[in-house]
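Asker: turn this into a structure:
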Amino acid sequence: MVNIVRQIDDWVSIRRVLVSVSDKRGLDVLIAGLVAVNPGIHFYSTGGTYAVIAGILGAAGAQRHLSQVSDYTGQPETQGGLVKTLDFKIYLGLLTETYNAAHQADLARTGAVALDMVVVNLYPFEATVARQGVTVEEARAHIDIGGPCMLRAAAKNYLRVAAVADVDDYPWLLAALRKNDGRLSLAHRFALAQKAFAHTARYDAAIADYLASQSADEVGSAYILINGG
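Answerer: So this is what the prediction gives:
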């Protein structure tokens with residue numbers, strides 16, 4: 001059954017933020033700015049992004065404001081970072097609706113929290129396939145799965161979640177939060193959702209175009225093929 005939502009909050013306070021970025025430009029300004037706007041804010045992050053945020057916050061700040069996604073979900077990352085954020089608690093936090101009692105009961109039952117913002121940019125697939133001599137396997141390894149899923153979930157739930165996919169949006173985002181006591185309006189969230197879906201659509205199109213340009217023989221030549229049973 002599809003949920004048809006009637007009641008939402010126009011203004012949403014940004015208190016819990018999931019951050020996982022390949023492009024770490026401007027992250028120092030964003031993290032420091034978010035803490036300045038809301039001293040009680042909390043970040044959830046993974047891998048290299050976690051390490052950068054911990055460095056920005058310092059030891060005391062990281063202890064107060066930062067959690068590893070694996071500590072939150074109770075599931076360690078898969079080797080090579082293959083599975084990090086594809087977890088039930090993460091998507092409950094992104095997709096639940098504020099005025100849906102069943103959703104709120106799910107959060108309480110699982111110990112999950114409602115996430116108010118996702119800051120994600122994707123593995124650099126287009127830059128990878130543009131390199132001279134790149135193999136099909138190198139291209140495949142740079143197909144981001146968790147990032148687009150998080151962006152799409154956050155953007156779908158613009159009812160209360162902000163989906164931030166563009167580094168260039170950090171300045172206006174911080175300005176809006178400073179102006180509005182750490183809150184974003186429905187108009188802000190909807191504008192971010194529009195950009196997020198456009199971003200993931202371009203990303204998927206780039207992958208589809210690249211795969212369409214390859215033959216089965218080219219794909220096979222990238223691997224040692226084993227005739228299993």
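Asker: packing partners of the longest helix along the chain?
Answerer: Longest helix in the chain by number of residues (criterion: DSSP state H): helix 186-212. Contacts defined by 3 or more Cβ pairs under 8 Å, 6 or more residues apart in numbering; DSSP states H and E place helix 186-212 against helix 125-129, helix 146-156, strand 162-164. To be clear about C-beta, it is placed using only N, CA and C from the backbone, and glycine gets the same treatment.
Asker: hey, where'd the helices end up in the chain?
Answerer: 27-37, 47-65, 69-73, 88-95, 101-110, 125-129, 136-141, 146-156, 170-179, 186-212, 216-220.
Asker: which helices and strands does the third one pack with?
Answerer: For helix 69-73, the helices and strands in contact under the criterion 3+ Cβ pairs under 8 Å, 6+ apart are strand 42-45, helix 88-95.
Asker: need the contact list for the residue nearest to residue 166 when sequence neighbours are not counted.
Answerer: Counting by Cβ to Cβ, 6 or more residues apart in numbering, residue 195 is the residue found nearest to residue 166 once chain neighbours are left out, at 6.0 Å. Counting by Cβ atoms under 8 Å, 6 or more residues apart in numbering, residue 195 makes contact with 163, 165-166, 169.
Asker: can you get me a residue count around residue 222?
Answerer: Residue neighbour count, defined by other Cβ atoms under 10 Å, stands at 14 for residue 222.
Asker: so it sits against residue 133, correct?
Answerer: No - under the criterion of Cβ atoms under 8 Å, residue 222 makes no contact with residue 133, lying 11.9 Å away.
Asker: please name the residues that touch residue 69.
Answerer: 18, 20, 44-46, 50, 77, 84-85, 87, 90.
Asker: in the sheet, which residues pair with the spatially most central residue of the chain? Tell me.
Answerer: Central residue of the chain (Cα atoms, centre = their mean): residue 120, 3.8 Å from the mean position. Applying DSSP bridges to residue 120 yields these beta-bridge partners: residue 20.
Asker: can you verify my assumption that it contacts residue 20?
Answerer: Yes - with contacts counted by Cβ under 8 Å, residue 120 reaches residue 20, the gap being 5.4 Å.
Asker: anything in contact with each of those two?
Answerer: With Cβ under 8 Å, 6+ apart as the test, residue 120 and residue 20 both reach 147, 150.
Asker: now do the contacts for residue 196.
Answerer: Taking Cβ under 8 Å, 6+ apart as the test, what residue 196 contacts is 151-152, 154-155, 163-165.
Asker: re the thing from before, tabulate the helices and strands packed on helix 69-73 (a markdown table), appending distance to residue 199 and mean neighbour count.
Answerer: Shown next, in a markdown table, are the helices and strands packed on helix 69-73 (distance: least, Cβ to Cβ, whole Å; neighbours: other Cβ atoms under 10 Å):
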| stretch | distance to residue 199 | mean neighbour count |
| --- | --- | --- |
| strand 42-45 | 20 | 22 |
| helix 88-95 | 16 | 20 |
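Asker: mean pLDDT for these - can I get that in CSV?
Answerer: CSV is the format used below for the helices and strands packed on helix 69-73 (pLDDT from 0 to 100):
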stretch, mean pLDDT
strand 42-45, 98
helix 88-95, 96
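Asker: so which of these is nearest residue 12?
Answerer: helix 88-95 (13.2 Å; Cβ to Cβ).
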